[in-house]
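Undergrad: fold the following, please.
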Amino acid sequence: MNIFIGTFLMNSRNFFALVCVSLFLGSLAHAQDAAPADVDAILKPINSLVNADTVLIGHVDLAQLDPAKIAESLKKVAQIAVERLESQPGSDAQAESQASMVDTQMDMFGTMLEGMINQPRELGVTDMYLLVNGKIMLSVLAQVVIVGDPAKFPEVKKAFQYDDDKNPNIHVQTSENLLIVNMVSPLAIKNGEKNVANIERETAQLKTQKGNIRPELRAALDKVKKAPIQAAFSPSPQFIAILGLAQQMAPQLTQGIDLKGIFANIKWASFGFDPMRVIIAVTVQTPNASQAQELYDLMVETQNARNEAQFAAMEESGVPEETITQMRENAEKLQKISIPQVKGDQLVMVINPKYIADYVDVLFPSMALMAPYLSILGNRGGN
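TA: Numbering: from 1, shown residues only. Presented below is the predicted three-dimensional model:
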């Protein structure tokens, strides 16, 4: 394995983004038994918090996690990346030591995840949810909901650092066996103080239509109900309007991405992860095939614009034209596998071991091309 690959493995955030992000999701998803295969069972603990204005529901069942099997999954995905790295041009006798290094780091990561899983379980936490409600977003951006033993909630708050009542960014509430952590909107904070009365008034309204989620969000959740980890999203008209307003007020936050245009073409989207087979499935449902293609084209256009900005920076920094041409070719290859593909009225992406191998095959040669110019680009960015 050449020197660049060794350095990339040791220092690059890209490699560990590929391995660790994928498997961190897996670490929150490994089930000894099947997850609840019924939408109502998934919703039951949070029925008092979801309604027709809910746009996102994410769920993890901590009781089903197995740290030992998580570590095994970590090694499998890391090995896929290592094998593809070793097959790149310039491989040499360093391959074995580099593979050993990856194994060691994945073992360390597995140990860290074991602690992250066991700690909340020991504190009586059984489930965790992430909820976003379009109607209260101006006060509460999202809610992290922890299901567990109320008697241990003081310990849970301390462990998760949710015990600071003066923290303006969160507002913690309890309801029976639920610990609700409200992520406070910047609009609800003035002079470093959160508007507690307004936050509690807004969240109290959730119970007026409790459990009555929209059919689109239910369809999204139904799509991934058998996955050990589920996330379902369906933008409401109010949510899209708020996005449009945010885009006008603070365009720098969206980095030029037309979020309102993207979400206007989405009926629902789902995310499911099966770590037993190392498979992530993403589905985006649009109103019809024409809008599916329109959404795909918009995503491609957005990615192309970002790529062109990067290529322009490379050219200004003196990167040879031949190298930029090769980078463009690799960018096109990455685009084909990194953006969900159109299938009828849906956009679909499946991330599995083959996908990861294909991604590494394109990503790492691109990084190798850029290695001699990283310091130049870094200096340019700092000026």
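
Undergrad: ramachandran angles for Ile266?
TA: Torsion angles at Ile266 (phi, psi; degrees, to the nearest 10) stand at phi -110, psi 120.

Undergrad: touching, it and Tyr296? I think so.
TA: No. Contact criterion C-beta atoms under 8 Å: Ile266 and Tyr296 do not qualify, at 11.8 Å. In short, each C-beta sits where N, CA and C put it, glycine included.

Undergrad: the two: who's more crowded?
TA: Shown here are Ile266 and Tyr296; by other C-beta atoms under 10 Å, Ile266 has more neighbours (21 against 18).

Undergrad: and the gap between the more buried one and Ser366?
TA: Ile266 is 30 Å from Ser366, where distance means C-beta to C-beta, to the nearest Å.

Undergrad: and if you look at Ala231?
TA: Per C-beta to C-beta, Ala231 is found 29 Å from Ser366.

Undergrad: tell me which of the two has more neighbours.
TA: With neighbours defined as other C-beta under 10 Å, Ala231 and Ser366 compare such that Ala231 has more, 21 against 17.

Undergrad: can you give me phi and psi for the more buried one?
TA: phi -140, psi 130.

Undergrad: for Val282, same thing?
TA: Dihedral pair for Val282: phi -120, psi 130, per degrees, to the nearest 10.

Undergrad: and it, how many neighbours?
TA: Quick note: Val282 (other C-beta under 10 Å) scores 17 neighbours.

Undergrad: nearest residue to it other than its sequence neighbours?
TA: Met349 (4.4 Å; C-beta to C-beta, 6 or more residues apart in numbering).

Undergrad: I figured Gly244 hits Lys260, correct?
TA: Yes. In this structure, Gly244 is within contact of Lys260 by C-beta under 8 Å, at 4.2 Å.

Undergrad: in the stretch 151-300 of the chain, which spans are strands?
TA: Secondary structure of the stretch 151-300 of the chain (DSSP state E, counting those that start in this stretch): strands located at 170-175, 178-184, 189-190, 193-194, 229-233, 268-274, 279-285.

Undergrad: most tightly surrounded among those strands?
TA: strand 229-233 (a mean of 24; mean count of other C-beta atoms under 10 Å).

Undergrad: could you pull up phi and psi at Tyr162?
TA: Dihedral angles (degrees, to the nearest 10) for Tyr162: phi -110, psi 20.

Undergrad: I should have written Met128 there, sorry.
TA: Dihedral angles for Met128 - degrees, to the nearest 10 - are phi -130, psi 140.

Undergrad: residues in contact with Ala155?
TA: One thing to correct before we go on: residue 155 is Glu, not Ala. By C-beta atoms under 8 Å, 6 or more residues apart in numbering, the contact set of Glu155 is Leu123.

Undergrad: now Leu56, nearest residue through space, not along the chain?
TA: Nearest to Leu56 is Val132, by C-beta to C-beta, 6+ apart, at 3.8 Å.

Undergrad: that neighbour against Val50, yeah?
TA: No. The pair Val132 and Val50 fails to qualify as a contact (C-beta under 8 Å) at a distance of 10.3 Å.

Undergrad: those two - which one has more neighbours?
TA: Val50 (23 against 20).

Undergrad: surely that one meets Ile57?
TA: Yes. Counting by C-beta under 8 Å, Val50 touches Ile57, with 6.7 Å between them.

Undergrad: joint contacts of these two?
TA: With C-beta under 8 Å, 6+ apart, Val50 and Ile57 have common neighbours 43, 131, 213.

Undergrad: residue contacts, the last one?
TA: Listed by C-beta under 8 Å, 6+ apart, the contact set of Ile213 reads 43, 50-52, 54, 57.

Undergrad: out of the residues you listed, which are inside helices?
TA: Residues of the contacts of Ile213 located in helices (DSSP state H): Leu43.

Undergrad: of the contacts of Ile213, which is the most crowded?
TA: Counting neighbours by other C-beta under 10 Å, Thr54 leads the contacts of Ile213 with 29 neighbours.

Undergrad: related to what we said a few turns ago, could you dump the contacts of Ile213 into a markdown table with pLDDT and distance to Thr203 added?
TA: Shown next, in a markdown table, are the contacts of Ile213 (pLDDT from 0 to 100; distance: C-beta to C-beta, whole Å):
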| residue | pLDDT | distance to Thr203 |
| --- | --- | --- |
| Leu43 | 93 | 18 |
| Val50 | 93 | 12 |
| Asn51 | 91 | 11 |
| Ala52 | 90 | 16 |
| Thr54 | 94 | 13 |
| Ile57 | 97 | 16 |
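
Undergrad: quick one: which of the contacts of Ile213 is nearest Pro67?
TA: Ile57 (25.5 Å; C-beta to C-beta).

Undergrad: ok, the closest one touching Asn133?
TA: No. Using C-beta under 8 Å, Ile57 makes no contact with Asn133, being 10.1 Å away.

Undergrad: residues that sit against both of these two, list them.
TA: Taking C-beta under 8 Å, 6+ apart as the contact rule, Ile57 and Asn133 both touch Val50.

Undergrad: quick one: secondary structure of the residue nearest to Lys207 when sequence neighbours are not counted?
TA: For Lys207, ignoring the flanking residues on the chain, the nearest one in space by C-beta to C-beta, 6+ apart is Ser48 at 5.5 Å. Following DSSP: H, G, I helix; E, B strand; the rest coil, Ser48 is assigned to coil.

Undergrad: when you give positions from now on, start the count at 406
TA: Got it, first residue is 406 now, which makes that one Ser453.

Undergrad: ok, Ser453 to Ala773 distance?
TA: Taken as C-beta to C-beta, the span from Ser453 to Ala773 is 53 Å.
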